[in-house]
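Chemist: Take a look and give me a structure for this.
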Amino acid sequence: MLEVRMLCVGRLKETYWRQAFAEYEKRLGTLCKFQLLELPEARLPEDPTPGEIAAALEQEGRAILEKCKGTVYPLCIEGKTMTSPDFASKLGDAMQYPGAVSFVIGSSFGLSPQVKAAGQGISFSPMTFPHQLARILLCEQLYRGFQILRGTRYHK
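Modeler: This is a model prediction of the structure:
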């Protein structure tokens with residue numbers, strides 16, 4: 001069974017995000033070895049300078065890369081957009097080999113250049129989304145991707 005790691009900087013604070021995540025976590029548990037790793041956000045002042053942001057991203061990036069396993073897919077606006085069937089195909093390819101895939105969602109300031117360079121970037125859209133919503137979108141696409149691979153009617 002494919003190990004799917006979701007590495008996220010920060011925690012889901014609102015109940016509605018946690019409930020949505022819990023539902024997808026339950027669904028994914030039957031399809032893969034799903035694991036969420038929440039990493040702490042670097043502490044920044046109220047109005048950080050670009051240098052402070054860069055240092056925080058570098059600190060978060062080191063922690064992220066220590067926890068990644070297998071093929072790394074950073075979620076970032078510079079990443080490649082793809083259809084749901086294309087995303088499912090990536091999952092299918094990963095299932096052919098023992099191992100893991102790691103999907104990475106950064107903090108509200110994004111991801112360090114080191115994390116982006118460590119894998120194959122994925123973008124859900126050229127639009128910017130809150131990182132809490134990105135987590136739910138990723139869960140839904142993982143679930144949809146596995147359903148596409150199983151040939152169910154979920155993906156119409």
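Chemist: which strands and helices sit next to the longest strand seen in the chain?
Modeler: Looking across the chain with DSSP state E, the single longest strand is strand 71-80. Strand 71-80 is packed against strand 100-105, helix 113-117, strand 122, with contacts defined by 3 or more CB pairs under 8 Å, 6 or more residues apart in numbering; DSSP states H and E. For the C-beta atoms, the positions are set from N, CA and C on the backbone; glycine is no exception.
Chemist: which residues touch the first one?
Modeler: The set of residues external to strand 100-105 that reach it, using CB atoms under 8 Å, 6 or more residues apart in numbering, is 2-9, 64, 67-75, 91, 94, 111, 115, 119, 122, 131, 134-135, 138, 142.
Chemist: Now do the top helix by length along the chain and strand 100-105, the angle between them.
Modeler: The single longest helix within the chain, with elements called by DSSP state H, is helix 131-150. For helix 131-150 against strand 100-105, the angle by axes from the mean of the first three to the mean of the last three CA atoms, to 10 degrees is 150 degrees.
Chemist: what angle separates the strand or helix carrying Glu25 from helix 131-150?
Modeler: For Glu25, the element it lies in under DSSP states H and E is helix 15-28. Per the same axes, to 10 degrees, the angle that helix 15-28 makes with helix 131-150 is 20 degrees.
Chemist: What count of nearby residues applies to Gln132?
Modeler: Neighbourhood size, Gln132 [other CB atoms under 10 Å]: 21.
Chemist: count of neighbours near the nearest residue to it once chain neighbours are set aside?
Modeler: Once flanking residues are discounted, Gln132 sits nearest to Trp17: 4.9 Å by CB to CB, 6 or more residues apart in numbering. By other CB under 10 Å, the residues close to Trp17 number 16.
Chemist: dump the residue contacts of Trp17.
Modeler: 132-133, 135-136.
Chemist: Make a markdown table out of those residues and add distance to Arg153.
Modeler: As requested, the contacts of Trp17 are exported to a markdown table (distance: CB to CB, whole Å):
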| residue | distance to Arg153 |
| --- | --- |
| Gln132 | 29 |
| Leu133 | 26 |
| Arg135 | 26 |
| Ile136 | 22 |
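Chemist: just to revisit the earlier point, check which element follows the helix holding Glu25 along the chain.
Modeler: strand 33-39.
Chemist: Please point out which parts of stretch 44-61 sit buried.
Modeler: By 16 or more other CB atoms under 10 Å, the buried positions in stretch 44-61 come out as 56-57, 60-61.
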